[in-house]
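Trainee: When you get a sec, could you give me coordinates for this:
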Amino acid sequence: MKKIQTRKRHNGRILVDLDSRAGFFRDAAGGAAEWARENSTSVFLLHHNYDKYLDQLPLLAPAGVICGRPDITLHAAIIEKGIPVVFLSPFSKPQIKTPAVTVDIAAAAEKALTHLKQRGFTRFGWYGTPDSSTLQHLRNVSSEEIILLYKSGMRGWITEVKHLRGRLSKATEPFGIITETDDHGRHVLEVARQAGLEVPHDLAVVGLGNDRLICEISTPRLSSVDLRGHAAGYTAAKLLTANSQDNRIIALPPGEVEIRESSDTIMVRDPLLAKALRNIQQKNTYLGAINELARQAGAARRTLERRCRTQFKHGPAEIVRAEILTKAKQLLTTGRLPMKRIAFECGFKSASHFAAFVRRETGMTPSEYRAQNG
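Mentor: From the prediction side, this is the model:
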């Protein structure tokens, strides 16, 4: 008789204390719920003031609490009830010894910087916490100066707007700005509008978080690095029910830049390069089509090679490869298109050629990359 496969059961539901107003935590709650469904348990979303009723938590028969608040007292009180806690936040680490899931914010900011450089920007700004380790990381990895646009200690939004507007208005060259959160990005876009600056030509803005609500209501729509909230929530639920005795911190790598109108531009003075880069972005330029790319730009291949290396320190083939890889990663992680469609969108003639490209560039098959980073 054939043995029937059954799902592994986990005792206790997963309690979730996450701020559902923030996109990352909404996605994280969804990730925790997906893990719960796969393992025959459930998720219970706690009320924001549940800390007043901690004595009643055991009545919910919890496996534990996924907590997004950096509240030492609250964490300790839950643990004293004999209930496990996993801390979850992309921006901070737990203040007491407890397992945690976070996101490599420094790597996310570096992806935003790389995206802006690929768009031809050479001047960069940071709008966020002045003493942030993320800002320090950007300054360490960038040969260009990262200008701090946020002035700490100011009282009130109006004062901050005046300061930022003054800084942006004095810019003599286009700026690429990385913001600590998507809310910060929305603020920068609003100030740019008030200052009469054209986005993304006078300045381009990339946020961190990819909160789809904030990004879509921004004018223009905000480009942002995805912090993989869904994967973080899924990982936290798995860690919570693993009965692990260690207090490890799992730092997930960030997702890709979801490109929207706030950074979708080419900032290159050389008209030949500008035309070539537009063709790379707007068309399905296959890896081996450099001769065709040069012809479309109205130049010999050698001329295109020389100008690319002067401007970007590498040739057009590397630019095409990076652009295709960025698009492939975004399509693999932000949607559920079939592989054949993604291969076509990235300019490949077959899914097998696409799979070979992704494996060569990432060390993983497209399916493995989607599973690990989706």
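
Trainee: What is the subsequent helix or strand relative to whichever strand or helix holds residue 306?
Mentor: Using DSSP states H and E, the element containing residue 306 is helix 301-312. Next along the chain after helix 301-312, taking DSSP H and E as the criterion, comes helix 316-334.

Trainee: contacts for that next one?
Mentor: Contacting residues not belonging to helix 316-334 are listed as 115, 118, 226, 228, 255-259, 276-277, 280-281, 285, 287, 289-290, 293-294, 304-305, 308, 312, 337, 342, 345-347, 354, 357-358, 361-362, 366, 369-370, 373-374 [C-beta atoms under 8 Å, 6 or more residues apart in numbering]. Backbone N, C-alpha and C define where each C-beta goes, glycine included.

Trainee: so how far is residue 328 from the closest residue to residue 103 other than its chain neighbours?
Mentor: Spatial nearest neighbour of residue 103, chain neighbours left out: residue 90 (4.0 Å); criterion: C-beta to C-beta, 6 or more residues apart in numbering. To residue 328, residue 90 is 24 Å away according to C-beta to C-beta, to the nearest Å.

Trainee: for residue 163, same thing?
Mentor: Counting by C-beta to C-beta, the gap from residue 163 to residue 328 is 40 Å.

Trainee: These two - which one has more neighbours?
Mentor: residue 328 (24 against 15; other C-beta atoms under 10 Å).

Trainee: relative to helix 316-334, how tilted is the helix holding residue 306?
Mentor: 60 degrees (axes from the mean of the first three to the mean of the last three C-alpha atoms, to 10 degrees).

Trainee: for this structure, what spans make up the strands?
Mentor: In the chain, the strands defined using DSSP state E lie at 13-17, 43-45, 62-67, 85-88, 100-103, 124-127, 146-148, 175-179, 203-209, 223-226, 249-252, 257-258.

Trainee: need the contact list for residue 94.
Mentor: Residue 94 touches 70, 75, 87, 100, 249, counting by C-beta under 8 Å, 6+ apart.

Trainee: For it, give its distance to residue 166.
Mentor: Look at residue 94 and residue 166: by C-beta to C-beta, they are 39 Å apart.

Trainee: swap in residue 204?
Mentor: 20 Å.

Trainee: And residue 184, by the same measure?
Mentor: 17 Å.

Trainee: which of the two has more neighbours?
Mentor: When residue 184 and residue 166 are compared for neighbours, residue 184 comes out ahead with 24 against 11, by other C-beta under 10 Å.

Trainee: Without its sequence neighbours, what residue ends up closest to that one?
Mentor: Nearest to residue 184 is residue 127, by C-beta to C-beta, 6+ apart, at 5.2 Å.

Trainee: go on, residue 61?
Mentor: Closest to residue 61 by C-beta to C-beta, 6+ apart is residue 12, at 5.3 Å.

Trainee: Could you pull up the residues touching the closest residue in space to residue 257 that isn't next to it in sequence?
Mentor: Excluding the flanking residues, the one nearest residue 257 by C-beta to C-beta, 6+ apart is residue 115, at 4.6 Å. By C-beta under 8 Å, 6+ apart, the contact set of residue 115 is 206, 223, 257, 259, 263, 326.

Trainee: So for residue 228, what's the nearest residue that isn't a sequence neighbour?
Mentor: residue 255 is the one closest to residue 228 (C-beta to C-beta, 6+ apart), at 4.8 Å.

Trainee: How much space separates the one you found from residue 98?
Mentor: In terms of C-beta to C-beta, residue 255 sits 25 Å off from residue 98.

Trainee: neighbour-wise, which of these two wins?
Mentor: Taking other C-beta under 10 Å, residue 255 and residue 98 do not tie; residue 255 has more neighbours (25 against 18).

Trainee: the helices in the stretch 101-250 of the chain, which residues?
Mentor: Counting by DSSP state H, counting those that start in this stretch, the stretch 101-250 of the chain has helices at residues 105-118, 133-141, 157-169, 182-194, 212-217, 229-240.

Trainee: okay, the ones you listed, which one's buried deepest?
Mentor: Among the helices of the stretch 101-250 of the chain, ranked by average contacts under mean count of other C-beta atoms under 10 Å, first place goes to helix 229-240 (a mean of 25).

Trainee: Residue 298 contacts residue 271, doesn't it?
Mentor: No - between residue 298 and residue 271 there is no contact under C-beta atoms under 8 Å: 9.3 Å.

Trainee: Residue 132: neighbouring residues, count only.
Mentor: The number of residues near residue 132, taken as other C-beta under 10 Å, comes to 18.

Trainee: who touches it in this structure?
Mentor: Here residue 132 is in contact with 126, 180 (C-beta under 8 Å, 6+ apart).

Trainee: Run through this structure and note the low-pLDDT ranges.
Mentor: 1-11, 151-158, 243-246, 267, 281-288, 374 (pLDDT under 70).

Trainee: Domain-wise, how is it divided?
Mentor: 13-104+229-254, 105-227, 271-366 (automatic domain parsing).

Trainee: for the longest one, how far is the first residue from the last?
Mentor: With C-alpha to C-alpha, to the nearest Å as the measure, domain 105-227 spans 8 Å from end to end.

Trainee: Thanks a lot, catch you later.
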